[in-house]
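K.L.:
just coords:
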């Protein structure tokens, strides 16, 4: 099949080629072949209903200790038997794409934080998990540098045994399962002032954060 992307998108494929080094033409080509170009045209207006569930969104100003922008998920708000997997995957792809409009994120990568509060088996399916992990690992051109699984339930090891084979060995090294009290080991100083109050130590109104993100993105997209 033919490919027709913008120069900026070709650069993103090259920068975010899976593996230890950037600009690996072989791995970049693999991503390009499997990339769903529909993700490029996703808009805030189309994603608004899903974003307003407050399941997955970008946290303005929040950075990891290595300076990577962070996006946030509350997996307990997604139910595979009620909402199509495509809805949450599009939500994920849209937020990652928005983050990569920043030069540093596109060049150096981003971080992901999953708050596992109230999560149980009704929020999980192997198919959904697999598609989600594939997106994080390169089905869209992005480098996820850190994956924080915060406050996992005591039995999460059973889920990890399912997830682990879905993750490349180098990606597994980026995953940390931690209690909320250890966030300071991974996030910049004063991170509590930027975290949504959806997590117990966060101080920013979650609804306002998501609503502001949607309106900001609508303005950006209207201007373009």
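P.N.:
Cool, got the structure. Computed from a predicted structure; not experimentally measured.
K.L.:
What residues sit buried inside the helix or strand hosting residue 128?
P.N.:
Assigned by DSSP states H and E, residue 128 belongs to helix 126-134. Across helix 126-134, burial judged by 16 or more other Cβ atoms under 10 Å covers 128, 129, 131, 132, 133. The C-beta positions use only the backbone N, C-alpha and C, and glycine is treated the same way.
K.L.:
and which of those is nearest to residue 165?
P.N.:
When the buried residues of helix 126-134 are compared for distance to residue 165 (Cβ to Cβ), residue 133 wins out at 9.9 Å.
K.L.:
so that closest one touches residue 166, yeah?
P.N.:
Yes. Using Cβ atoms under 8 Å, residue 133 is in contact with residue 166, at 4.4 Å.
K.L.:
pLDDT and distance to residue 110 added to the buried residues of helix 126-134, as CSV?
P.N.:
Shown next, in CSV, are these (pLDDT from 0 to 100; distance: Cβ to Cβ, whole Å):
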residue, pLDDT, distance to residue 110
128, 96, 21
129, 97, 20
131, 97, 19
132, 97, 15
133, 97, 15
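K.L.:
ok, the residues you listed vs residue 82, which is closest?
P.N.:
Closest to residue 82, out of all of the buried residues of helix 126-134 and judged by Cβ to Cβ, is residue 128, at 11.7 Å.
K.L.:
The closest one contacts residue 86, doesn't it?
P.N.:
No. Between residue 128 and residue 86 there is no contact under Cβ under 8 Å: 10.0 Å.
K.L.:
Checking the closest residue in space to residue 129 that isn't next to it in sequence next. Helix, strand or coil?
P.N.:
Residue nearest to residue 129 in three dimensions, not counting chain neighbours: residue 163, with 6.1 Å by Cβ to Cβ, 6 or more residues apart in numbering. Classification of residue 163 by DSSP: H, G, I helix; E, B strand; the rest coil places it in helix.
K.L.:
I'd like the distance between residue 163 and residue 33.
P.N.:
Between residue 163 and residue 33 the computed distance is 25 Å (Cβ to Cβ, to the nearest Å).
K.L.:
Check residue 219 too.
P.N.:
34 Å.
K.L.:
cool, and residue 190?
P.N.:
Applying Cβ to Cβ to residue 190 and residue 33 gives a distance of 43 Å.
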